[in-house]
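1. would you be able to build a 3D model of this:
(one chain, ligands or ions: 1)
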Amino acid sequence: MGQGKPWFAAIRRKLRPLLWEMAVYSFFVNILALVIPLFVLQVYNRVVAFGAITTLQGLVLGVVLVLVFDFLLRQIRSRLLQKAAMRLDIGIGEALVRKIWSLPLRVLESRPSSYWQGLFRDADMVRNTVAGPPFLLLIDLPFSLLFVGLIFVIAEPVAWVFAGVIPVFILLGAISARSVSRVSNDEKDAQRRRDSLIGDMIDNRGTVKALSLDRGLQPQWEKVHADGVERALHRGMNVDFFANTGMILTLATTVLITSFGALAIIDQKLSIGALIAANMLSSRVIGPFSQLVGGWKGFAMYRQARQRLDDVMTLPEERQETTIDLDKPAGEILLENVCFRYRADGDPVLEGLGVRFAPRAVHVIMGPNGGGKTTLIKLLTGLYSPESGRVLLDGADLGQFTRRQLAGWIGYVPQNSVLVDGTIRDNITGKRPDISDREVVEICKAVGLHRIISDYPDGYGTPVGEAGGALSGGIRQRIAIARALIGHPPVLILDEPSASLDRPAENMLRDLLKNLSQDHTIIVVSHSPTLLNMADYLYLLDRRRMVISGPREEVLNHINSLQAGAAAADGTRNRRANV
Ligand SMILES: Nc1ncnc2c1ncn2[C@@H]1O[C@H](COP(=O)(O)OP(=O)(O)OP(=O)(O)O)[C@@H](O)[C@H]1O
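-> Residues are numbered from 1 along each chain as shown. The predicted structure follows:
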């Protein structure tokens, strides 16, 4: 079932004893399947021909015992199959989640969320194939030859029919494999486009409702949906064609066997019992081949699912281990000649950037929309790596540290802080068991949350609702700041932190950041005058470069003089125009 990449081989290795055990049980199930045709043969040839009632009684007793035994074997085999499915489920699920979180943020952002969700459906597909009916089908296939052998022994004149029919089934299987694989791929692509649109619509449901964007989205949805339905229909027709062809071929085999058998009986080369037994065995020979033709969709989808999982599992990961475990840094961040672009063929977003963010100070970065502020912040947090140049923390390149180390040293509050469903405490601690209640309360006091949370009937156990929807934007923001401060990172980076705060909350944030700056490096992207006025250093980032940077007064004076110059130039132009 596909030679595995190392990640899958490791999971399969653990599964191997179970699969072997199942193969052994399948072997006996198939051997026992020979009993009924042999029973029929004996009944017709001995019991009916000679009226041997005692023989019949003995045969029936034997067959009943065999059926009981067969039932038990099948039950054990099903139990093993379920056990294997469960292990596979756990193995793939764990490997996939671990892999996804070890990928660089740029890779995660480069594909829509529907793509990542789809991988878990792929994992289900792999489980259902490797530890499901298709696996049993593959085990049963070689036994077909055993049954053909038996037919040769008991009814040779009709056995030659299989020599002609089996190659036709194999050919049909090969054709259906190619055809179904192609149409299944098309269908999956259409499904992914549909899922991506649904994801966008649901994520933005508030905006869609408020602005009645559904009027524009409806035709787009109908187009994507119609495309999906059309491809599903195409795939369905394709699969049905091969399944029906397989079915007709199976029926034709019965007709051929019966016809050749009848001729052989007339020629006295075959008994009626042998013909009936051969007919029964023929369903065991042809059944797996017929299922293979009809069920090729499953195999095609399995291959595609495996391919997608293999692609993700072989993506390069972020650094997972570091060679040295350094003490907590003081928090000086230095950018040396940093260049960054999102696409190899795109324009650089940052170019030749060199900045120093000193510890124990508040640094506020300003700049127009699209100027590169958020990108710069992601470089400072180590979420993105520069295309060239270096980002240094206390003189050490960020690239040498693991994500976990960096997260412990650099607290980050993104522009749109998202909370996860759970309690306030869960969101602040990220469900880490090593965070004490004392630390949570201490940090919440520092960010002015403790009194607010204490007023709630459930206190820190208050559920935040889906994506934090049960809380106001301001409280969500403070929870995000508290979350970033867990572990006391020496550097705290905030992207537009006061966007959803009212004036008193913003004043409180200003005081908090000023207070924290006594022993932290605080880097804030903001245009809020309240935050600008408490900055120690200001930076103006525009079109790839740091246009101005330095102590606050110097930068403000520089900007004021530039604005005054521009106003004077405007005035001169206007006067000239009036003259
Ligand atoms: N994931 C991405 N893929 C491709 N280009 C991107 C991506 N994110 C941002 N950009 C581009 O990079 C440039 C800088 O974007 P960035 O978000 O860093 O600017 P910003 O100064 O934070 O803007 P704003 O004030 O609007 O948040 C923009 O031209 C933007 O279109």
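2. write out the residues of the stretch 1-150 of the chain neighbouring the ligand.
-> Within the stretch 1-150 of the chain, the residues that sit near the ligand (CB under 6 Å from any ligand atom) are residue 109. C-beta: built from backbone N, CA, C; applies to glycine.
3. cool, the chain as well?
-> Checking the chain against the ligand by CB under 6 Å from any ligand atom, the hits are 109, 342, 349, 367, 369, 370, 371, 372, 373, 374, 375.
4. burial measure for the fourth one, as a count.
-> For residue 367, the number of neighbouring residues by other CB atoms under 10 Å comes to 18.
5. tell me which residues touch it, please.
-> Residue 367 sits next to 373, 539, 540, 541, 542 when contact means CB atoms under 8 Å, 6 or more residues apart in numbering.
6. now the nearest residue to it once chain neighbours are set aside, what's its secondary structure?
-> Once flanking residues are discounted, residue 367 sits nearest to residue 541: 3.8 Å by CB to CB, 6 or more residues apart in numbering. The local conformation at residue 541, judged by DSSP: H, G, I helix; E, B strand; the rest coil, is strand.
7. tell me what residue 541 is bridged to.
-> For residue 541, the residues forming beta bridges with it (DSSP bridges) are residue 546.
8. mind putting the residues of the chain next to the ligand in TSV, pLDDT included?
-> Converted to TSV, these look like this (pLDDT from 0 to 100):
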residue	pLDDT
109	89
342	90
349	92
367	91
369	89
370	88
371	88
372	91
373	93
374	91
375	93
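9. mark which of those residues are buried, thanks.
-> 349, 367, 371, 372, 373, 374, 375 (16 or more other CB atoms under 10 Å).
10. most widely separated two among these?
-> 349 and 367 (11.8 Å; CB to CB).
11. the residues of the chain next to the ligand: which two are farthest apart?
-> 109 and 367, at 21.1 Å, using CB to CB across the residues of the chain next to the ligand.
12. need the contact list for residue 198.
-> residue 114.
13. now do the SS call for it.
-> helix.
14. quick one: it from the ligand, how far?
-> For residue 198, the distance to the ligand equals 21 Å [CB to the nearest ligand atom, to the nearest Å].
15. low-confidence ranges, the stretch 201-350 of the chain, go.
-> 294, 297 (pLDDT under 70).
16. can you give me the helices for it?
-> Taking DSSP state H, counting those that start in this stretch, the helices of the stretch 201-350 of the chain run over residues 205-210, 214-266, 272-294, 296-313.
17. show me how far the first one is from its chain's centre.
-> Spelled out, that is helix 205-210. Remark: helix 205-210 is offset 27 Å from the chain centroid, using CA atoms, centre = their mean, to the nearest Å.
18. other SSEs contacting it?
-> With contacts taken as 3 or more CB pairs under 8 Å, 6 or more residues apart in numbering; DSSP states H and E, helix 205-210 sits against no other helix or strand.
19. just the buried positions in it, please.
-> By neighbour count on 16+ other CB under 10 Å, the buried set for helix 205-210 is residue 208.
20. residue of the stretch 101-250 of the chain closest to the ligand, please.
-> Residue nearest to the ligand within the stretch 101-250 of the chain (CB to the nearest ligand atom): residue 109, separated by 5.2 Å.
21. dump the residue contacts of that residue.
-> Counting by CB under 8 Å, 6+ apart, there are no residues that residue 109 touches.
22. any idea how far it lies from residue 115?
-> Applying CB to CB, to the nearest Å, the value for residue 109 to residue 115 is 11 Å.
23. do the same with residue 387
-> On the measure of CB to CB, residue 387 and residue 115 end up 24 Å apart.
24. equivalent analysis for residue 137, please.
-> 30 Å.
25. any idea which residue of the stretch 201-350 of the chain lies closest to the ligand?
-> For the stretch 201-350 of the chain, CB to the nearest ligand atom, closest residue to the ligand: residue 342, 3.4 Å.
26. thought that residue was touching residue 349?
-> Yes: Residue 342 lies in contact with residue 349 (CB atoms under 8 Å); the separation is 6.4 Å.
27. so residue 400 sits against residue 326, correct?
-> No: checked against CB under 8 Å, the pair residue 400 and residue 326 is beyond contact range at 9.4 Å.
28. secondary structure class for the nearest residue to residue 480 once chain neighbours are set aside?
-> Leaving out its chain neighbours, the residue that sits closest to residue 480 by CB to CB, 6+ apart is residue 417, at 3.3 Å. Following three-state DSSP, residue 417 is assigned to coil.
29. what does residue 390 give?
-> Under three-state DSSP, residue 390 comes out as strand.
30. from residue 291, how far off is it?
-> Taking CB to CB, one finds residue 390 at 60 Å from residue 291.
31. more neighbours: these two, which one.
-> A side-by-side neighbour count of residue 390 and residue 291, using other CB under 10 Å, places residue 291 first with 20 against 15.
32. so where's this protein uncertain?
-> 1-4, 294, 297, 570-579.
33. strands of that one, residue ranges please.
-> 333-340, 350-357, 361-366, 388-393, 396-397, 410-413, 491-495, 521-525, 537-542, 545-551 (DSSP state E).
34. closest one to residue 41 among the ones you listed?
-> strand 410-413 (76.9 Å).
35. each with direction, which strands does that closest one pair with?
-> Strand pairing (DSSP bridges) places strand 410-413 next to strand 491-495 (parallel).
36. can I get the strand it pairs with in PDB, CA atoms only?
-> Provided in PDB are the C-alpha atoms of strand 491-495 (Å, rounded to 0.1, in the frame of the first residue of the first chain):
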ATOM      1  CA  VAL A 491      11.400  41.800  25.100                       C
ATOM      2  CA  LEU A 492       7.800  42.700  24.600                       C
ATOM      3  CA  ILE A 493       6.600  43.500  21.000                       C
ATOM      4  CA  LEU A 494       3.100  44.900  20.400                       C
ATOM      5  CA  ASP A 495       1.500  45.600  17.000                       C
END
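37. and that strand, how far from the chain's centre?
-> 29 Å.
38. cool, stretch 556-571 as well?
-> Relative to the centre of its chain, stretch 556-571 is centred 53 Å away, using CA atoms, centre = their mean.
39. how about that stretch: buried residues?
-> Buried residues in stretch 556-571 (16+ other CB under 10 Å): 556, 558.
40. looking at the strands of the chain, which is nearest to residue 121?
-> It is, among the strands of the chain and with distance given as CB to CB, strand 410-413, at 31.4 Å.
41. run through who's touching that closest one.
-> Against strand 410-413 from outside (CB under 8 Å, 6+ apart): 377, 380-383, 393, 477, 480-481, 483-487, 489, 491-495, 497.
42. OK, contacts around the closest residue to residue 34 other than its chain neighbours?
-> In this structure, residue 34 finds its nearest non-sequential neighbour in residue 150, 6.2 Å apart by CB to CB, 6+ apart. Contact analysis of residue 150 by CB under 8 Å, 6+ apart lists 34, 37, 281.
43. what residues are up against the last one?
-> Residues counted as contacts of residue 281 (CB under 8 Å, 6+ apart) are 34, 37, 147, 150, 151.
44. ok, now the first one?
-> Under the criterion of CB under 8 Å, 6+ apart, the contact list for residue 34 reads 146, 147, 150, 281.
45. recalculate using a threshold of 10 Å.
-> 66, 143, 146, 147, 150, 277, 280, 281, 284 (CB atoms under 10 Å, 6 or more residues apart in numbering).
46. any idea which of those residues is closest to residue 521?
-> residue 143 (70.2 Å).
47. residue 53: neighbour count?
-> Number of residues near residue 53 (other CB under 10 Å) recorded here: 9.
48. dump the residue contacts of the closest residue to residue 519 other than its chain neighbours.
-> Nearest residue to residue 519 in three dimensions, chain neighbours excluded: residue 360, at 6.4 Å (CB to CB, 6+ apart). Contacts for residue 360 were tallied using CB under 10 Å, 6+ apart; they are 330, 331, 332, 490, 516, 517, 518, 519, 520, 521, 522, 536.
49. if anything else comes up later, I'll come back, but that's it for now.
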